[in-house]
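*Asks:* fold the following for me, if possible:
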Amino acid sequence: MEVAFCDDGLNVSKWLVRPHERWAGLNWNDEAQAIHGLSQAYLQAEGVPAEQVAAEIADRLKGIRFVWSDNPAYDAHWLGHLVALHPSPVWSGLSVYHEAGALTEALGEATAAAAWALRKDDVVELVRATFPHVHRAGPDSLSLASRFRLFADEVYFEELKGFVTGWISGRL
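*Replies:* Presented below is the predicted three-dimensional model:
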């Protein structure tokens, strides 16, 4: 598998993970390999040991309260397998949220609701135009972080909106 996260400064950290021997019976299938373009053979050859990935993620997530995921149940499932390889206090304080939960956690309920109502359509359009969904952890985490930042940071929203509008106008 590939795991990644992107901080609010849009810096991506990503790893190809060599599957751990304990994961042999887990849900590896041809469909997932086709979607993500990562075969078991490739991960075995090019991946970083899962224990090392778990330790590095725990170190980089110190002080982080939550992560935003486009598929929290699936991501929490795999995160649980990494956590089992590297117990750390970091994991106990970390929550995995989908969009609305992450916004509420970061901005408070009223601000999150207002940002969602005001910007939802523009944010979706801007992210699709700027960060296509490619089913790879690195680029997809950048897309999610940018989407979050577009809701939370009005200056960034206006800058990206101006850039994309100008870029589209220049292509017409």
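*Asks:* give me the residues contacting the lengthiest strand in the chain.
*Replies:* The single longest strand within the chain, with elements called by DSSP state E, is strand 12-18. Residues external to strand 12-18 that are found in contact with it (Cβ atoms under 8 Å, 6 or more residues apart in numbering): 1-7, 38, 42-44, 46-50, 53, 56-57, 60, 82, 137-139, 141-142, 145. C-beta coordinates here come from the backbone N, C-alpha and C atoms, glycine included.
*Asks:* 7 Å - rerun?
*Replies:* Residues from elsewhere that reach strand 12-18 (Cβ atoms under 7 Å, 6 or more residues apart in numbering): 1-6, 43-44, 46-50, 53, 60, 137-138, 141-142.
*Asks:* weed out the non-buried ones from these.
*Replies:* The neighbour count (16 or more other Cβ atoms under 10 Å) marks 1-6, 43, 47, 50, 53, 137-138, 141-142 as buried among the contacts of strand 12-18.
*Asks:* one step back: given the longest strand of the chain, what are its sheet partners and their directions?
*Replies:* Paired with strand 12-18 in the same sheet, following DSSP bridges, are strand 2-6 (antiparallel), strand 48-49 (parallel).
*Asks:* for the last one, what is the distance to the chain centroid?
*Replies:* I take that to be strand 48-49. 20 Å (Cα atoms, centre = their mean, to the nearest Å).
*Asks:* can you give me the helices in the chain?
*Replies:* 30-36, 40-46, 50-60, 72-85, 89-92, 99-107, 109-130, 137-152, 154-171 (DSSP state H).
*Asks:* so which of the ones you listed is nearest F66?
*Replies:* Closest to F66 of the helices of the chain is helix 99-107 (Cβ to Cβ; 5.1 Å).
*Asks:* cool, thanks, talk later.
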